[in-house]
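**Q** Coordinates only, no sequence provided:
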C-alpha cells in the first residue's frame, strides 16, 4: 500500500514509517498540515495517517478540507487525545478510524489493512463462505460442513466481524469496539473468553480450527486463496 | 464622559428612569389641570359678565341712559367689582373706567394703555360690548389677571411637586445604588482575595434571598466547584508523584540490572520484555488518571444523551459472563427492562465493567456475583453489584474510593487501585449516589441514579 504519514513529531513519524516499510508498504511523510494537504490532495495514496495536532492546519481541518475537495482516501487519525468527544470529532470531520497513542504496531497495521480494503458502502455482504463454514447474515444462520450451528447473538456478531475482515488481522481492541461498542480497555479477557466459546462451537466434532490467533496482534480467519 | 461610579450603577439608572417617567406624568397632569382650570375660570367670567349685562340692560330699559349711568358708577366701586364703560351715541363716556372702545361689539380682549391707566386698574380685560339703543354702548369687562394668578399658582404647585419628585428620586436612587455598590464591592473584594490565592473565601449573603443573594450563592457554588477541581488536580499531581515513583524505580532497576550484569541475549530479552510491560502499565495508569480527571472535570456532561441503562447492564453482563465462568465464579443478573436515563453510555459501561471486574478479581473461586438493576419507589434507578466474597471492612470502605488505595489483601493482585475511583467519578458526573455496603457476607456496591425529571443537585 502507498501510505502518507502526516505527523510533526519526527521520531514518531520515523518509527511508523520504518515499521510500515518493513511490512512492505510504501511510505511518504509530511510534517505540517499544509504539506500534508498538498501531498494528500494528489490522491495517489491508499491510506492517510493523520496526527490530530499539527502545526499550521490541524488534523481535523486538514481532513475536512480534503473531504470538502472530494478526496475520499481513507484516513486514520493518530492522537494523544483519547476522549470520546475527540473520537467523535475525528470521525465527524471525515476520518475513518481513530487510534490513540501509545498504540501497539500490530494494532496500527490491522487497522490500516481494515481501512484500505473497506468495501464501498453500497455492497454490504450478507453471505460468507470460508472453507466449510457458511454464514447467512440475513437469516442469522451459521453452518459448518453442512451442519447448523446455534450461536448466541454476540457470538454471531463476533464471527460476522471476523468474516467481514477475512484474510486480515483483527485486533482485540477492534473487536471490543466493533462487537461490543466498548471504547475502553477492560482488564478482563472478554474477547478471549468469547472467542474460545465461539471456537468450541465451530470446531465441535473435531473439525479443524478456522480462527487463527496471532500472538500479540489479534485474530484472523484465513481465506482460501 | 466618565460619570461617577455610583451614577453608573444599574439601580441608579433604574431610579433615574422612574423619576423621569414620574416627572413627565406629573407635568402632563399639571398641563391638563392648567388648561381645565383656565377654561372653567374663563367660562365663569363670561357667565358673570353676561348676567351683569342682562341686569344692566333691564336697568336701561327701566330708567334710561342717565339712570343706568348712576347704577354703573355705583356698581363700579368696591373690590372685585367688574369694569364698565357706558358711552352715548357720540362715543362720550357717561360712566365707568374703561377707556374708549372702538367699533368692536361682542367679546374681545383689550389692554389698557398707560395713558388711560388709573390707580389699581387692570392691565388686561376681557370685555363684552353691546349696543343699548339710540347708539349708546355698554361695555362690561373683567380682569384677566385673576385667571393668570390662579394659573401661576397651579404652575408653582406642580413645579414644586416635580422638583420634590426629582430630588427624592435622585436621593433614593443614590441610596439604593450605594447599598447595591457596597454589596457588589463585597463580591469584588472576595473575588480579589481569591485571585490573590485565598481559595477558601466565599461571598457573604445578605440573607434577604434577593437576586444579589441568588447571584452570590451561584458564585459560591461555582467557587466550590473550582476549589474541588483544584483539589482533585492537586490530588492527581500528588498521586502521580507518590504512586508512579514505585513502578518507575522498578523499571529503572530492571534496566540497571541488565546493564551491570552478565549480558546474555536471553537476559536482555527478558529485561526488555519486563521493561516494556512496566512501561505499558505506567501508560495504563496515566490513561486511567487522565480519564478520572476528565470525568471529574464534568465536560462530558455536554455529550449526555438518552440511553437504556438496562441494555447497557445486559451487554456488560453478557460480555463478562464467559470470563466469570472461566474464573469459576457465578454471575447472576436481575435486570428490570427499559430503565432509561440521560448519561454517557461509554462511561456507564466502563463503571459497570469495573465493578464486575472488582468483584471478580478480589474474591475466591465459587463466589457469586449478583448484578441487579431496578427502579425504587421514588423512581430512582438502582444499580447494584454484590458478591458473597470476603467483603471490605467497614473502616476501609470509604478509602477504597480514593485513588491508588488498595486493600491489604488485594495488594498482590493485578490492578492499579484506580477502578473504584473512576466509578466514583462517573457516579458523580451522573449525579448518582455511590455507596459501599456490607452484603453479609461480601461487598455490595450500590449506584442510585436520580429519578428522571428530578432537579439536578449541585454540590
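**A** It's in. Just so you know, these numbers come straight off a predicted model, no measurement behind them.

**Q** what does the domain assignment say about the chain?
**A** By default, I'm working from chain A. Residue ranges of the domains in chain A are recorded as A:2-116, A:127-221, according to automatic domain parsing.

**Q** could you do chain B instead?
**A** Here chain B is described, according to automatic domain parsing, as comprising the domains B:5-149, B:207-241, B:244-297, B:301-459.

**Q** Quick one: the helices in chain B, in order.
**A** Per DSSP state H, chain B has helices spanning B:10-75, B:145-195, B:211-243, B:245-260, B:265-297, B:309-326, B:345-361, B:419-429. These are given in chain order.

**Q** list the contacts for the one residue in chain A that gets nearest to chain B?
**A** For chain A, the residue closest to chain B is residue A:193, as judged by Cβ to the nearest Cβ, at 3.6 Å. Bear in mind the C-beta positions are built from the backbone N, C-alpha and C, glycine included. For residue A:193, the contacting residues are B:322-323, B:325-326, by Cβ atoms under 8 Å, 6 or more residues apart in numbering or on different chains.

**Q** any idea what sits nearest residue A:198, other than its immediate chain neighbours?
**A** Leaving out its chain neighbours, the residue that sits closest to residue A:198 by Cβ to Cβ, 6 or more residues apart in numbering or on different chains is residue A:155, at 4.7 Å.

**Q** how deep is the one you found tucked in, by neighbour count?
**A** Applying the criterion other Cβ atoms under 10 Å in any protein chain shown, we find 21 residues in the vicinity of residue A:155.

**Q** Doesn't it belong to a helix?
**A** Yes. In this structure, residue A:155 lies within a helix as judged by DSSP: H, G, I helix; E, B strand; the rest coil.

**Q** for chain A, which spans come out with low pLDDT?
**A** Under the criterion of pLDDT under 70, the regions of chain A flagged as low confidence span A:43, A:81-85, A:117-123, A:224-225.

**Q** so where do the strands sit in it?
**A** Per DSSP state E, chain A has strands spanning A:2-6, A:26-30, A:47-51, A:75-79, A:97-100, A:127-130, A:133-136, A:141-144, A:147-149, A:211-214, A:218-221. These are given in chain order.

**Q** can I get those in TSV with mean neighbour count?
**A** Putting these into TSV (neighbours: other Cβ atoms under 10 Å in any protein chain shown) gives the following:
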stretch	mean neighbour count
strand A:2-6	22
strand A:26-30	18
strand A:47-51	26
strand A:75-79	24
strand A:97-100	20
strand A:127-130	15
strand A:133-136	19
strand A:141-144	18
strand A:147-149	13
strand A:211-214	14
strand A:218-221	22
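
**Q** Reformat those as TSV; add distance to residue B:218.
**A** What follows is those, written out as TSV (distance: least, Cβ to Cβ, whole Å):
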stretch	distance to residue B:218
strand A:2-6	45
strand A:26-30	49
strand A:47-51	41
strand A:75-79	36
strand A:97-100	37
strand A:127-130	59
strand A:133-136	58
strand A:141-144	59
strand A:147-149	61
strand A:211-214	57
strand A:218-221	51
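
**Q** For residue B:169, which of those strands is the nearest?
**A** Comparison of the strands of chain A against residue B:169 by Cβ to Cβ identifies strand A:75-79 as nearest, at 62.4 Å.
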